[in-house]
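# Please work out how this folds:
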Amino acid sequence: MLSEKGKMELITQISLDIDEVKDLDILLERILTHVRKFFNADAGSIYLKQGDELKFSYTQNDTLQKRLGPDRKLIYNTFFVPINNQSIAGYVAKNRQIVNIPDAYKMSGLEPYTFDSNFDNISDYRTCSILTVPMTNQRGDVLGVMQIINAQDDQGNIIPFSRSDESLINHFATSAALAVERAKMTRNIIMRMISMAELRDPKETGAHVNRVGSYSVELYEVWARKKGISSEEIERQRDTLRMAAMLHDVGKVAISDLILKKPARLSQDEFEIMKSHTYLGARLFRDAQSEFDELAAEVALSHHDKWDGTGYPGHMDPVSEKPLSGLADPDGRPLPKKGEDIPLFGRIVAVADVFDALCSRRSYKEPWDEERVLEEMRVSAGRHFDPEIVDAFFSCFDVLKSISSRYPDDTD
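Numbers count the residues shown, from 1 in each chain. Next up is the predicted model:
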């Protein structure tokens, strides 16, 4: 057992770790993983405040995960909870108070809030001890609510959370709130860049880029595990990849409305102009100051290159718009990239972007049905797409579908 001093030192170490995460979704996962491990909690959730409601934004559950097996992920849907006294999370957010419940099924009935057992009934789970804490920033504003469920002793028996746990989780909640606030600022900056593109291209919505970013992370994680890449390296790359993937089409801000909003097929000349969004987007990240800048440029430039060498823009310098040295054809045009010449993250985002486009309504088409989408992804392996990324796509398709439902087209 750690001493109180040792626990505080561990909390500080964990706080420093979560401070390094920039993407909001990856951050929520990291926070909940650390907090559950620290308190030996079987499950937990994070709700983020949106207006007068809490959005169920992330969850983990070891018991349900074990039922799925090691190579599958827990699937969940988002929903909203009013900030009022009726629910536990709503009460905590409204009153800025910690709630510590030893057994959800043995509450006195005098509490202003109630426990909703629907999830337990649907999933055949048994919620017992619950510790719920508000996440507030330095101004005292509530940013969300953190909830951990079913504390366990060293033998795995479910026990209540202790009174000392309440003060400790407060430290976590404070650090988490500060990290969430910073991550939301980063996300808002990215979304403003997306909004500029959306003004030009109605397809480039917040929902679309959030789906592409989330799909890309899942595809990378499955691919990387099959390649034997370490968990530490996977964690490091996921954070940057998600943000870079969201900005894959930011270069469309430089393309004419007449082309972007044309409801019919583009002419050859128009298509040539459209293709320039790849290197114009990459150019926004020239003079890179960080790994994120490098990867964002890489993804913007290469997500339309194809595995068989029929994509664009190929081996081009995005600043000069000329072929890289020694990589021009006889007519002076950039040689195409193909196979593993295409950067990994460009190959991943290509799959994520096309999948989302096929599933989405456009001015010129209706969403494709699932069977048609899957057949297109299958036949495109080895032509448009890296076959290994397509294998990863089919391995995590159920998770990709759940991501789609979390980011519907009418929201960000």
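# All the helices of the stretch 251-400 of the chain, residue numbers only.
257-260, 268-275, 277-283, 291-302, 344-359, 370-380, 387-395, 397-406 (DSSP state H, counting those that start in this stretch).
# Using CSV, list the CA coordinates for the shortest one.
Written as CSV, here are the backbone C-alpha positions of helix 257-260 (Å, rounded to 0.1, in the frame of the first residue of the first chain):
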residue,chain,number,x,y,z
ASP,A,257,-16.6,27.9,-54.6
LEU,A,258,-17.5,27.3,-58.2
ILE,A,259,-15.5,24.0,-58.0
LEU,A,260,-16.2,23.0,-54.4
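# now for it, which elements pack on it?
Here helix 257-260 touches helix 268-275, going by 3 or more Cβ pairs under 8 Å, 6 or more residues apart in numbering; DSSP states H and E. Glycine gets a C-beta too; all of them are placed from N, C-alpha and C.
# Quick one: mean pLDDT for the helix it packs on?
Taken as a whole, helix 268-275 carries a mean pLDDT of 93.
# And stretch 404-412, by the same measure?
On average, stretch 404-412 scores 75.
# do stretch 344-360 as well
On average, stretch 344-360 scores 96.
# Quick one: distance of that stretch to the chain centre.
15 Å (Cα atoms, centre = their mean, to the nearest Å).
# Ok, stretch 221-237 next?
Centroid separation for stretch 221-237 versus its chain: 16 Å, with Cα atoms, centre = their mean.
# Other residues contacting it?
Stretch 221-237 has contacts (Cβ atoms under 8 Å, 6 or more residues apart in numbering) with Arg30, Tyr220, Arg238, Ile348, Glu388, Ile389, Asp391, Ala392, Ser395, Cys396.
# Scan those residues and report the most crowded one.
Ile348 (27 neighbours; other Cβ atoms under 10 Å).
# That one against Leu241, yeah?
Yes. Here Ile348 reaches Leu241: they are 7.5 Å apart, a contact under Cβ atoms under 8 Å.
# Mutual contacts of the two, please.
Ser216, Tyr220.
# All the helices of the stretch 101-250 of the chain, in order from the start?
Taking DSSP H, counting those that start in this stretch as the test, the helices found in the stretch 101-250 of the chain are 118-123, 163-200, 206-226, 231-246.
# Buried residues, the last one. List them.
When neighbours are counted by 16 or more other Cβ atoms under 10 Å, the buried residues of helix 231-246 are found to be Ile234, Glu235, Gln237, Arg238, Asp239, Thr240, Leu241, Arg242, Met243, Ala244, Ala245, Met246.
# Just give me the closest of those to Asp71.
Ile234 (14.2 Å; Cβ to Cβ).
# beta partners of Ile130?
Ile101, Ile149 (DSSP bridges).
# how many neighbours does it have?
For Ile130, the count of nearby residues is 25 (other Cβ under 10 Å).
# now it: how far from Phe271?
For Ile130, the distance to Phe271 equals 56 Å [Cβ to Cβ, to the nearest Å].
# again with Ile259
9 Å.
# Neighbour count for these two, which is higher?
Of the pair Ile259 and Phe271, Ile259 is the one with more neighbours under other Cβ under 10 Å, namely 18 against 12.
# quick one, what contacts the more buried one?
Leu266, Glu270, Ile273, Met274.
# Can you give me the neighbour number for the nearest residue to it once chain neighbours are set aside?
Nearest non-adjacent residue to Ile259, counting by Cβ to Cβ, 6 or more residues apart in numbering: Glu270, 5.1 Å away. Glu270: 16 surrounding residues under other Cβ under 10 Å.
# ok, Glu270 to Ala264 distance?
Glu270 is 10 Å from Ala264, by Cβ to Cβ.
# now swap in Glu376 and tell me
22 Å.
# what does Lys22 give?
40 Å.
# Give me the more crowded residue out of these two.
Neighbours per residue, other Cβ under 10 Å: of Lys22 and Ala264, the larger number sits with Lys22, 20 against 7.
# Let me see the backbone angles for that one.
phi -100, psi -40 (degrees, to the nearest 10).
# got a list of what the closest residue to it other than its chain neighbours touches?
Closest residue in space to Lys22, ignoring its immediate chain neighbours: Thr186 at 5.3 Å, by Cβ to Cβ, 6+ apart. Residues in contact with Thr186 (Cβ under 8 Å, 6+ apart) are Lys22, Asp23, Leu24, Met243.
# Identify the farthest-apart pair in the residues you listed.
Among these, Leu24 and Met243 lie farthest apart (Cβ to Cβ), at 9.5 Å.
# how far away is the residue nearest the centre of the chain from Asp356?
Nearest to the centroid of the C-alpha atoms of the chain, with distances taken as Cα atoms, centre = their mean, sits Ser214, at 4.0 Å. Ser214 is 10 Å from Asp356, where distance means Cβ to Cβ.
# and the nearest residue to Pro408 once chain neighbours are set aside, how many neighbours?
In space, not counting the residues next to it along the chain, Pro408 is nearest to Ala207; the distance is 6.3 Å by Cβ to Cβ, 6+ apart. By the criterion of other Cβ under 10 Å, Ala207 has 17 neighbours.
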